[in-house]
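Student: need a structure here:
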Amino acid sequence: MKNKPLRFCFCGEEIAYRVVLPAIHQYMQLLDLNNAGLIEVAIAEAVTNAVKASHDQMVLINMYVDLSGNLVVRIRDRGKGFDVAKAMDRLNEWENEIPDEFLFAESGRGLWVIHQVFDQVQFNQPGNELLLIKSL
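Tutor: Prediction:
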């Protein structure tokens, strides 16, 4: 099971919440990891960001465990991307604690959560593709 990829190509928020996120939940359960819940939350944050950025255009997700035992998640949307450098600067200012105005806000915590859970977080230049790697 660990070498079988989970792949999705979909459009729209409804499909993400009805099909994609439950499938990711099942995949994480099959991996039987101690910290599967945290990893799942971080992936859900990344998927939610991609869905919002895609504006009902296609979102691609590819998730698998590589031969080195790393969980690899690649999420790409067809949105215009975002200013990755600006977002990373804000995360660096926060260090390991989210300011209260973001802690209780409707959005703004996702990237912080993703960075806390995954060992490697990489964006492409326009900011519409995310590569996440977690050593299992």
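Student: Show me what the helix ranked longest in the chain is packed up against.
Tutor: Longest helix in the chain, counting residues (DSSP state H): helix 36-54. Other helices and strands packing on helix 36-54, by 3 or more C-beta pairs under 8 Å, 6 or more residues apart in numbering; DSSP states H and E, are helix 21-31, strand 58-65, strand 70-77, helix 110-117, strand 129-135. For every residue, glycine as well, the C-beta is placed using N, CA and C.
Student: what residues does it touch?
Tutor: Helix 36-54 is touched from outside by 11-13, 16, 20-21, 24-25, 28-29, 33, 59, 61, 63, 71, 73, 75-82, 109-111, 113-114, 116-118, 128, 130, 132, 134, with contacts defined as C-beta atoms under 8 Å, 6 or more residues apart in numbering.
Student: re the thing from before, go through the helices and strands packed on helix 36-54 and name the closest to residue 97.
Tutor: helix 110-117 (9.3 Å; C-beta to C-beta).
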